[in-house]
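J.: Coordinates for the following, if possible.
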Amino acid sequence: MAEDSTRFKEIFVGQKLAQAFGVNAYVRGKRVRIWVDDYLPMRKVGDDKKDLVYDQISEDGSAWAAILEKVWAKMSNNFELTIGGSQSEIFKTFTGAPTYEMYTSQFNTDTLWKILDESD
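T.: As a prediction, this is how the structure comes out:
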């Protein structure tokens with residue numbers, strides 16, 4: 001995913017419209033566009049600082065992770081239902097790519113790198 005930036009860019013709709021973000025996702029194998037507003041819940045941290053409640057703004061000031069988390073919460077009905085779960089399910093939802101989980105402790109480093117290299 002990270003090696004090809006177009007994969008990541010295809011998740012987001014090319015523009016922000018009317019205080020909303022569009023995100024492409026896959027529901028039951030079909031691509032759908034989900035819109036969320038640009039309101040992100042904040043909490044006060046210290047006297048004059050605020051931080052996101054469910055995520056954090058990255059060092060470069062971008063909030064793409066918080067937007068994706070908000071879309072996931074919308075698909076899950078609320079933020080509270082996003083706690084826990086499977087990372088592979090989220091990856092599949094936003095990329096449409098097939099996923100599976102494996103316990104890496106059963107493999108040595110060379111085998112793991114070979115599996116990762118062959119899976120792309």
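J.: Pull out the buried positions in the longest helix that the chain contains.
T.: Secondary structure assigned by DSSP state H gives helix 64-76 as the longest helix of the chain. Across helix 64-76, burial judged by 16 or more other CB atoms under 10 Å covers 66-75. All C-beta spots, glycine's among them, are computed from the backbone N, C-alpha and C.
J.: tally of neighbours for L116?
T.: 9 (other CB atoms under 10 Å).
J.: Which pLDDT value does the model give the residue nearest to the spatial centre of the chain?
T.: The chain has L68 as the residue nearest its centroid, 4.4 Å off, counting by CA atoms, centre = their mean. The confidence metric pLDDT takes the value 87 at L68.
J.: same deal with A18?
T.: 69.
J.: And for D60?
T.: Listed pLDDT for D60 reads 81.
J.: any idea whether it is helix, strand or coil?
T.: Look at D60: counting by DSSP: H, G, I helix; E, B strand; the rest coil, its state is coil.
J.: can you tell me which residues contact it?
T.: Applying CB atoms under 8 Å, 6 or more residues apart in numbering, we find D60 in contact with no residue.
J.: The chain: helices as residue ranges?
T.: Remark: helices assigned in the chain by DSSP H are 5-9, 64-76, 87-95, 109-118.
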